[in-house]
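*Asks:* Quick check, what structure comes out for this input:
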Amino acid sequence: MHPRRDILAIILRWVVGATFLFSGLAKGVDPVGTSIYVEKYLATYSLDALMPISEALAVALSVVEALLGVLLIMGTLCRITTIISLVIVAIFTVVTLLSATVLPIGECGCFGSIIMLTPWQTFFKNLVLLALCFALLRGSRDMVRPTLRDGVVACVAIIVPLSINLYALRHLPFVDSMPYKVSTALYNAVAKERNAEESAVQNILIFRNLTTGEDVEFSAADTACWEDANLEFVEAATRTAEVESLYSDFRLYNADGEDCTLEILGREGRVALLCVNDIEDITRRHLRGVASLNAQYPSCGIVVLTAVDVSDIEGVINTDDVEVFTIDAMTLRSVIRSDVGVVVLRDGVVEFKADIRDI
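*Replies:* Modelled structure (predicted):
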């Protein structure tokens, strides 16, 4: 092969390989978040039977992408790796085209929660990647017999991303890209957003100018418009301006259905939010973690946030001694990825997060 073509082939391998590697690792640092995207796709394509293994599918996808990326960068089993990559990219290209048109899903999750892309952005990214894979396939060598080095590289490329996934599942993600990460001034952020939402709602009065026939808008607080004989009242209306929102679904409701979000977040000192996402797989280690939390904090310093029925958690937590608030299930998964976890606030700032088994 011509030297220039050799260099071009290497560049193509590195570009495609680096994309796959980054994509695999981005999914692997937060497998629970990746499984949420997987569930969205399964629900869209009526594959509900695979829902119970969504986390396993997320881990497998992460490991396969990272493995392909490493093999491409190293030039190991280049031709067969390129063919597999081409098939995967082709499938994802079709899926993302459907997501951008007839089957809207939202963010694709191709880079986990680290980089958010729209379906159209993902589709065009896949088109470029597809073209690169075709070019790489044309210039790749014929398949040769694997060597010991190939086997070692493949094993390492499987073990490392798998370990990252399993660690994140057992503890918490290495990278927290959610708006509830440690050091977030949660009270200030939520209060600012709530104030912006209230300010975005405007009550207006619509009058018709009798001279020009045009409709004119006035603030509901403006009384001068009523005194203008050239204006005829048409109607009163409410207009809501669009506000960029990160915490619109972060609302904590008590047993009476009252929104207590700002009251909880605004408490002084340390407050431990015991987050209960799922209790079906509670183990003894989970229960020991809850007992340890109770020993570290007085009952007045513990607040339970749950997405499951309150009656279902009474066997795990003594709800007579602590305050219990309900929250949207998807939002609670964004707050912390654990089935049962702890988020410690200090004066409204996220100070600490952990799986309950690590308490």
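
*Asks:* quick check, A236 in a strand?
*Replies:* Yes: under DSSP: H, G, I helix; E, B strand; the rest coil, A236 sits within a strand.

*Asks:* Now do the SS call for the closest residue to it other than its chain neighbours.
*Replies:* Excluding the flanking residues, the one nearest A236 by C-beta to C-beta, 6 or more residues apart in numbering is L205, at 5.6 Å. In this view, the C-beta of every residue, glycine as well, is placed from N, C-alpha and C. Classification of L205 by three-state DSSP places it in strand.

*Asks:* tally of neighbours for L205?
*Replies:* Residues lying near L205 (other C-beta atoms under 10 Å) number 20.

*Asks:* which other helices and strands contact the helix ranked longest in the chain?
*Replies:* Identified as the longest helix of the chain according to DSSP state H is helix 3-28. Secondary-structure packing of helix 3-28 (3 or more C-beta pairs under 8 Å, 6 or more residues apart in numbering; DSSP states H and E): helix 54-74, helix 78-100, helix 119-139, helix 148-170.

*Asks:* Only C-alpha atoms, please: export whichever helix or strand comes after the last one in CSV.
*Replies:* Scanning forward in sequence from helix 148-170 by DSSP states H and E, the next helix or strand is helix 186-200. Provided in CSV are the C-alpha atoms of helix 186-200 (Å, rounded to 0.1, in the frame of the first residue of the first chain):
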residue,chain,number,x,y,z
LEU,A,186,-29.4,23.4,45.0
TYR,A,187,-31.6,25.7,47.1
ASN,A,188,-30.4,28.8,45.3
ALA,A,189,-30.7,27.2,41.8
VAL,A,190,-34.3,25.9,42.5
ALA,A,191,-35.4,29.1,44.1
LYS,A,192,-34.1,31.2,41.2
GLU,A,193,-35.8,29.0,38.7
ARG,A,194,-39.1,29.1,40.6
ASN,A,195,-38.9,32.9,40.7
ALA,A,196,-38.2,33.0,37.0
GLU,A,197,-41.3,30.8,36.4
GLU,A,198,-43.5,33.1,38.4
SER,A,199,-42.1,36.2,36.6
ALA,A,200,-42.7,34.5,33.3
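
*Asks:* Now helix 186-200: average pLDDT?
*Replies:* The average pLDDT for helix 186-200 rounds to 86.

*Asks:* Please name every helix or strand in contact with that helix.
*Replies:* helix 261-265, strand 349-355.

*Asks:* Just want the angle from that helix to strand 349-355.
*Replies:* In terms of direction (axes from the mean of the first three to the mean of the last three C-alpha atoms, to 10 degrees), helix 186-200 departs from strand 349-355 by 120 degrees.

*Asks:* So for helix 186-200, what gets flagged as buried?
*Replies:* Within helix 186-200, the residues scored as buried using 16 or more other C-beta atoms under 10 Å are 186-187, 189-191, 193-194.

*Asks:* for stretch 65-80, same thing?
*Replies:* Applying 16+ other C-beta under 10 Å to stretch 65-80 flags 65-78 as buried.

*Asks:* Name the residues that touch that stretch?
*Replies:* 10, 13-14, 16-25, 27-28, 81-82, 84-85, 88, 136-137, 140-143, 146, 149-150, 153-154, 156-158, 160-161 (C-beta atoms under 8 Å, 6 or more residues apart in numbering).

*Asks:* what's the answer for stretch 81-94, then?
*Replies:* Contacts with stretch 81-94, where a contact means C-beta under 8 Å, 6+ apart, come from 16, 20, 64-65, 68, 71-72, 110, 122-123, 126-127, 129-130, 133-134, 136-137, 140.

*Asks:* buried stuff in that stretch?
*Replies:* Across stretch 81-94, burial judged by 16+ other C-beta under 10 Å covers 81-86, 88-89, 92-93.

*Asks:* residue boundaries of the strands in the stretch 201-350 of the chain?
*Replies:* Residue ranges of the strands in the stretch 201-350 of the chain, as given by DSSP state E, counting those that start in this stretch, are 201-209, 215-219, 231-240, 270-276, 302-306, 323-326, 340-346, 349-355.

*Asks:* V32 is in contact with S62, correct?
*Replies:* No: in this structure, S62 is not within contact of V32 by C-beta atoms under 8 Å, at 11.7 Å.

*Asks:* more neighbours, the two?
*Replies:* S62 (26 against 21).

*Asks:* Check the contacts of stretch 81-94 for burial and list the buried ones.
*Replies:* By 16+ other C-beta under 10 Å, the contacts of stretch 81-94 give 16, 20, 64-65, 68, 71-72, 110, 122-123, 126, 129-130, 133, 136, 140 as buried.

*Asks:* Can you spell out the domain ranges of this structure, please?
*Replies:* As assigned by automatic domain parsing, the chain contains the domains 3-170, 198-240, 247-358.

*Asks:* Relative to M178, which of the ones you listed is closest?
*Replies:* The closest of these to M178 is domain 247-358. By C-beta to C-beta, the value is 4.8 Å.

*Asks:* follow-up on the earlier one: any chance of the helices and strands packed on helix 186-200 in JSON lines, with distance to E39 and mean neighbour count too?
*Replies:* Shown next, in JSON lines, are the helices and strands packed on helix 186-200 (distance: least, C-beta to C-beta, whole Å; neighbours: other C-beta atoms under 10 Å):
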{"stretch": "helix 261-265", "distance to E39": "26", "mean neighbour count": "18"}
{"stretch": "strand 349-355", "distance to E39": "21", "mean neighbour count": "18"}
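
*Asks:* which residue packs closest to L127, ignoring adjacent ones?
*Replies:* Nearest to L127 is T93, by C-beta to C-beta, 6+ apart, at 6.4 Å.
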